[in-house]
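>>> From the sequence below, what's the structure:
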Amino acid sequence: MKVGTSFGGGWLGEAEAHARRAEELGYDFAGVAETAHDSMLAATLAVAATERVEIGTSVTIAFPRAPMILAMQAWDLQQLSGGRFALGLGSQVKGHNQRRFSVPWVPPAPRMKDYIRTLQAIWNTFATGEKPDHVSEHYQFTLINPTFSPGPIDHPAPKVLLACVGEGMARAAGEVADGVLPHGFMTDKYMREVVLPNIAIGLRRSGRGWRDIEVSGGGFTVFGEDESEIERGLEALRQPISFYGSTRSYHDVFEIHGWKDLGMQLHSLSLQGKWDEMRRVIPEDVLRGFAQTSTYERLPEFVREHREYASRIGFGMPVDTPERRERFDHVLAELQRVETPRVPRGLEDAVAPAAAS
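Numbering: from 1, shown residues only. Okay, here's the model as predicted:
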């Protein structure tokens, strides 16, 4: 099992220290978020500051960036890192694309498939020198000359990991991506009944199987040394559940549990700027419906039982004293030793190779 952490949201000067710390702690990967600051700039500093850990973006917002621009940046980072860079992509929702990034909105999943295939076409030309001849509904790449091509590097093309919540993006991930980053805002029920089956559809379309894609563990988790620590962690989840739950694009997660009215209530409160009240209206059953919990002692067993489909998970625990650091080292090593089949229960035969459609 690959075990990772994430950082970001702060000024660029913090990226190097965060990345070095992730590497020193022994993580396999570190994800760079994109909220108030540019993920590719932060990833550049993180790559330059490290030697072993995989640096990825989690996530870079795709549609405001031309595929060629992002392809060049990712290619350079893959070369600079010695093959340790992973490009995590996300679509963001309609309002942010139109009103924050000033880009037009079309159905995002088909556009994302075109976007990733365009990146792959560009990287193929960089690597081989082949004449570009890629035309899709949303993008084209048919022109380049030696002045504008960086040429080959001594590493494979960057992995593309695609973030998803809905059915369409899950299918797109299964069809064209190297990995899947399920959004934190989902329950285990939603992951198993919606996301994983649609990843399987995408895999069938591309003639691939579960071993051909990396899937990260999905949903909110709360880990702790004991039950009282877990309870405190559960309370902290009210904020992200209320924040993401106010976005109507994510209400399918509520709907599968019969919680759609709560989603509309949160949306209404968000329009009024009542952020504190939003946290307070999350019922106890919803809180516990979202969060899967485990003590640190039982964590390897939890992963084997509840993340059998995954090859990557995020994990963190306090390391602010020598005793806690020793405890962290032990738990991390135990997690990294976990082997999973990487095949979701109930979907073992769902990705028999089929012709692409």
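
>>> Can you show me the helices along the stretch 251-357 of the chain?
When assigned using DSSP state H, counting those that start in this stretch, the helices of the stretch 251-357 of the chain occupy the ranges 251-255, 260-271, 275-280, 284-290, 299-306, 322-336.

>>> among the ones you listed, which is the most enclosed?
helix 251-255 (a mean of 19; mean count of other CB atoms under 10 Å). The C-beta positions use only the backbone N, C-alpha and C, and glycine is treated the same way.

>>> what's that helix packed up against?
Helices and strands touching helix 251-255, as assessed by 3 or more CB pairs under 8 Å, 6 or more residues apart in numbering; DSSP states H and E, comprise helix 238-245, helix 260-271.

>>> Okay, Gly273 and Phe328: tell me how far apart.
Taking CB to CB, to the nearest Å as the measure, Gly273 falls 39 Å from Phe328.

>>> For the protein, which segments count as strands?
Using DSSP state E, the strands found in the chain span residues 2-7, 29-32, 54-57, 60-61, 85-90, 134-135, 140-141, 159-164, 179-182, 214-215, 221-224, 292-295, 312-314.

>>> Tabulate those in CSV, adding columns for mean neighbour count and distance to Asp38.
What follows is those, written out as CSV (neighbours: other CB atoms under 10 Å; distance: least, CB to CB, whole Å):
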stretch, mean neighbour count, distance to Asp38
strand 2-7, 18, 14
strand 29-32, 26, 9
strand 54-57, 27, 10
strand 60-61, 22, 9
strand 85-90, 26, 14
strand 134-135, 14, 26
strand 140-141, 18, 23
strand 159-164, 25, 17
strand 179-182, 24, 18
strand 214-215, 22, 25
strand 221-224, 20, 28
strand 292-295, 17, 32
strand 312-314, 20, 22
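
>>> Put together a markdown table for the ones you listed, with distance to Pro108 on each row.
A markdown table is the format used below for the strands of the chain (distance: least, CB to CB, whole Å):
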| stretch | distance to Pro108 |
| --- | --- |
| strand 2-7 | 23 |
| strand 29-32 | 21 |
| strand 54-57 | 18 |
| strand 60-61 | 11 |
| strand 85-90 | 10 |
| strand 134-135 | 20 |
| strand 140-141 | 19 |
| strand 159-164 | 10 |
| strand 179-182 | 15 |
| strand 214-215 | 20 |
| strand 221-224 | 27 |
| strand 292-295 | 28 |
| strand 312-314 | 23 |
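
>>> can you tell which of those strands is closest to Ile153?
Evaluated over the strands of the chain, closeness to Ile153 peaks at strand 85-90, with 10.8 Å, by CB to CB.

>>> so Gly88 bridges to which residues?
On DSSP bridges, the residues paired with Gly88 through beta bridges are Leu161.

>>> mind checking which of the strands of the chain is nearest Ala172?
Taking CB to CB as the criterion, Ala172 comes closest to strand 159-164 out of the strands of the chain, the separation being 6.6 Å.

>>> how about the strands of the chain in JSON lines, adding mean pLDDT?
Below are these laid out as JSON lines (pLDDT from 0 to 100):
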{"stretch": "strand 2-7", "mean pLDDT": "97"}
{"stretch": "strand 29-32", "mean pLDDT": "98"}
{"stretch": "strand 54-57", "mean pLDDT": "98"}
{"stretch": "strand 60-61", "mean pLDDT": "98"}
{"stretch": "strand 85-90", "mean pLDDT": "98"}
{"stretch": "strand 134-135", "mean pLDDT": "98"}
{"stretch": "strand 140-141", "mean pLDDT": "98"}
{"stretch": "strand 159-164", "mean pLDDT": "98"}
{"stretch": "strand 179-182", "mean pLDDT": "97"}
{"stretch": "strand 214-215", "mean pLDDT": "98"}
{"stretch": "strand 221-224", "mean pLDDT": "95"}
{"stretch": "strand 292-295", "mean pLDDT": "96"}
{"stretch": "strand 312-314", "mean pLDDT": "97"}
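
>>> Please consider this matter closed, and thank you.
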